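In: Quick one, structure for this:
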Amino acid sequence: MSLTGVFDIAGMGMSAQSVRLNTTASNLANANSASSNTDEVYRARHPVFESYRRDLLNAASYGMQTVSDDAAVGLKVTDIVESQKPLDRRYEPNHPQADEDGYVYYPNVNVMEEMADMISASRSFQVNVEVMNAAKQMLQRVLTLGQ
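Out: Numbers count the residues shown, from 1 in each chain. Alright, predicted model coming up:
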């Protein structure tokens, strides 16, 4: 793999973590939204990632798989799915959105899990930025070798 392929891989990682941060922000923003109907309640959303490799070749020796020089390892967001966890049902008969039985439905968003996910996505994004910066510095140093 060439050094320029690092930019593609890190860029895909940054894009994926950006989607992850956006869905986490959406979950946190809607964590306390109430509804009287289970069909209208916000449900936590999570991105589904898929990793892939192009141009996998079989090695002639020992039947091991290797990645060719121009192969790229990538990551893409294939879908954003709603969580299947049960909704938070609370008995609040005085709430303006309570149903006829006095229950109010809240999203199935766990704020602590979302905060941990946000920190993880932020750190992953930051690592990809550092990888890009390191690759850029290496390319700049290669260019100065001929001087």
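
In: Geometrically speaking, which residue is the centre of this protein?
Out: Arg20 (3.0 Å; C-alpha atoms, centre = their mean).

In: I'd like the distance between it and Asn110.
Out: The gap separating Arg20 from Asn110 is 16 Å, by C-beta to C-beta, to the nearest Å. Where C-beta positions appear, they are placed from N, C-alpha and C, glycine not excepted.

In: cool, and Val19?
Out: Separation of Val19 from Asn110 (C-beta to C-beta): 20 Å.

In: Grab the nearest non-local neighbour of the residue nearest to the centre of the chain.
Out: Nearest residue to Arg20, sequence neighbours excluded (C-beta to C-beta, 6 or more residues apart in numbering): Ala121, at 4.2 Å.

In: same question, Ala16
Out: Using C-beta to C-beta, 6+ apart and skipping residues adjacent in sequence, the residue nearest Ala16 is Leu75, 4.9 Å away.
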